[in-house]
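Asker: One predicted model, sequence on top.
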Amino acid sequence: MNIIVNGRHLEVTPALKNYSEEKIRKFEKFLPEGSDATVTLSVEKYRHKAEVLLKTNGVLIQAESVTGEIYSSIDEVSEKLDRQVKKFKEKHSSYRKGAAKQIEPAERETAANEGGKIIKNKRFDLKPMNPDEAAMQMELLDKDFFVFMNDKSSVINVIYRRKDGNFGLIEPQ
């Protein structure tokens, strides 16, 4: 793992650099080869901030912490990264065909508290239409958003109802 330690308004001493690298190196065993880590340590008045950006296989994992002491900021950001990296690893690990991951009841409760899960999967055919037709279709279905294929660009777009009553259009590039 390639680790870069930067300092903003702070001189990075060898002890500080070694401490940061030691804390970040423990994620090496969870991440694939070729991962990069950028650690930015900064001081603003009495706020000591540690930011870490992990780049692995096109995925960015970022965490930051602000405390009154730079070493405790590094410890806290390391704990945050630990949770995020483990969550990333659980989602992206491959399992053998037919062997589902067994989750203990206590783990299931914590997983449900960390984020929602998909409870319904819906498939439908997209017919090309312009944004005005999509807005009309959304009104007819009485939904807050509608996914459609733009007839001009042949790209999937999303139209949604804004809080002010108007519509928003999301067009990927």
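Answerer: All right, it came through fine.

Asker: Isn't Leu31 up against Val59?
Answerer: No. Contact criterion Cβ atoms under 8 Å: Leu31 and Val59 do not qualify, at 9.4 Å. Every C-beta, even on glycine, is put in place using the N, C-alpha and C of the backbone.

Asker: top helix in this structure by residue count?
Answerer: Assignment by DSSP state H gives helix 70-92 as the longest helix of the chain.

Asker: Name the residues of it that come out as buried.
Answerer: Going by neighbour count (16 or more other Cβ atoms under 10 Å), the buried part of helix 70-92 is 70, 73-78, 80-81, 84-85, 88.

Asker: for stretch 163-173, same thing?
Answerer: Neighbour-count burial for stretch 163-173 flags Phe167 (criterion: 16+ other Cβ under 10 Å).

Asker: what does stretch 51-66 give?
Answerer: Quick answer for stretch 51-66 (16+ other Cβ under 10 Å): 51-56, 61, 63-65.

Asker: can I see the domain layout of the chain?
Answerer: Following automatic domain parsing, the chain resolves into domains at 2-92, 128-170.

Asker: how about those in JSON lines, adding distance to Lys120?
Answerer: Formatted as JSON lines, those follow (distance: least, Cβ to Cβ, whole Å):
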{"stretch": "domain 2-92", "distance to Lys120": "20"}
{"stretch": "domain 128-170", "distance to Lys120": "14"}
